[in-house]
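Asks: What would the 3D arrangement of this be:
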Amino acid sequence: MPIARNGDFEAYYEVEGSGPPLLMYHGLTGTGQRWRDTGYVDALAPHFTVLLVDARGHGRSSKPHDAARCTRRDRAADVLAVLDHAGYPRAAFWGHSLGGMVGFTLGHDAPDRITSLVLTGYNPYPMQPAEAAEVQSWLDGLSGGMESFVAGYEAAHGPLDPATRAKWLANDHRALMASMEAWIAGSDGSQAVELPNIPVPTLVLVGTEELFHDDVQRAVGIMPQAEFVSLDGFDHVATFLRSDAVLPSALPFLLSHAGESA
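Replies: Numbering: from 1, shown residues only. Here you go, the predicted model:
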């Protein structure tokens, strides 16, 4: 069980495949296992050494209940600690949703450690009112525990499959609340200011049904080395679950930069 340490925080991760390193960072409620469940690892492991991290507050990693310990820079430092522990000076990074926030941060703060970025389901600009209301509804649901959160999600988006539902219910709702509160606090526009100073080759994929689709397209336009892919008809969940639609753009992009890893 590989465990990297960032101060008193322990980051659990698993390794699959061979080739240049690619670290994958999931979204809220998930674990590194979700990349396996949705078909990404099967497609990527023949080409890359895939590092599957359990995000701060999730899975087998430490679960702080204080939002002040769950900032985007805390999470970026966790990623660097995993790379150090695994022995990789540089790696590609793929992040979804919460992982997108981490990816934008790494691209700005540690471009010497990141060879390329693939980002989905995240908006670096301040939340729009509708987006903020949706995120607040998630936080309200979490305050009642995981059963309340899952019930609210299913009322809005339809029933989860039994395996996913069981995994969501296994989460620590207080740790997820801390993560969500830090996410809200971090959506202050500070990342938008950093966009022109992200030199890392970046591929951003966003579904047309995401509330922030146009904001993210605008963000890509001011980044030095960024490409934008619009996924027609996809919402936040489909942008992650539909690996069959995401990988045809993401895999060639990653392979084109694979030789840059040390």
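Asks: So Trp138 lies in a strand, does it not?
Replies: No: Trp138 sits outside any strand when classified using DSSP: H, G, I helix; E, B strand; the rest coil, being helix.
Asks: thought it was touching Met180?
Replies: Yes: if you go by CB atoms under 8 Å, Trp138 and Met180 touch, sitting 6.3 Å apart. Yep, even glycine has a C-beta here, placed from its N, CA and C like the rest.
Asks: between the two, which one's more packed in?
Replies: Met180 (23 against 19; other CB atoms under 10 Å).
Asks: any shared contact partners between Trp138 and Met180?
Replies: By the contact definition CB atoms under 8 Å, 6 or more residues apart in numbering, Trp138 and Met180 are jointly contacted by Leu28.
Asks: Burial check on the closest residue to Ala91 other than its chain neighbours, number of neighbours?
Replies: Closest residue to Ala91 apart from its sequence neighbours, by CB to CB, 6 or more residues apart in numbering: Pro21 at 3.8 Å. By the criterion of other CB under 10 Å, Pro21 has 24 neighbours.
Asks: Against Arg60, how distant is Thr38?
Replies: According to CB to CB, to the nearest Å, Thr38 and Arg60 sit 19 Å apart.
Asks: between these two, which one's more packed in?
Replies: Thr38 (19 against 16).
Asks: Next SSE downstream of the longest strand anywhere in the chain?
Replies: Ranked by residue count under DSSP state E, the longest strand found in the chain is strand 9-17. Following strand 9-17 in sequence order, the next helix or strand is strand 21-25 (DSSP states H and E).
Asks: when you compare where that next one runs with where strand 9-17 runs, what's the angle?
Replies: 130 degrees (axes from the mean of the first three to the mean of the last three CA atoms, to 10 degrees).
Asks: Which elements pack onto strand 21-25?
Replies: If you count contacts as 3 or more CB pairs under 8 Å, 6 or more residues apart in numbering; DSSP states H and E, strand 21-25 packs onto strand 49-53, helix 72-86, strand 91-96, helix 98-109.
Asks: As a check, name the ranges of all helices in this structure.
Replies: 33-37, 40-44, 72-86, 98-109, 129-143, 146-157, 162-169, 173-186, 190-194, 213-221, 236-241, 243-256 (DSSP state H).
Asks: Switch these over to JSON lines; also include mean pLDDT.
Replies: Listed next are the helices of the chain as JSON lines, based on pLDDT from 0 to 100:
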{"stretch": "helix 33-37", "mean pLDDT": "95"}
{"stretch": "helix 40-44", "mean pLDDT": "98"}
{"stretch": "helix 72-86", "mean pLDDT": "98"}
{"stretch": "helix 98-109", "mean pLDDT": "97"}
{"stretch": "helix 129-143", "mean pLDDT": "86"}
{"stretch": "helix 146-157", "mean pLDDT": "87"}
{"stretch": "helix 162-169", "mean pLDDT": "89"}
{"stretch": "helix 173-186", "mean pLDDT": "93"}
{"stretch": "helix 190-194", "mean pLDDT": "94"}
{"stretch": "helix 213-221", "mean pLDDT": "96"}
{"stretch": "helix 236-241", "mean pLDDT": "92"}
{"stretch": "helix 243-256", "mean pLDDT": "97"}
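Asks: right, so of the ones you listed, which gets closest to Asn6?
Replies: helix 72-86 (4.1 Å; CB to CB).
Asks: Burial check on Asp215, number of neighbours?
Replies: Neighbours of Asp215 (other CB under 10 Å): 18.
Asks: Contacts only, for it.
Replies: Asn123, Tyr125, Gln128.
Asks: repeat for Arg69
Replies: Arg69 is in contact with Phe9, Arg56, Ala178, counting by CB under 8 Å, 6+ apart.
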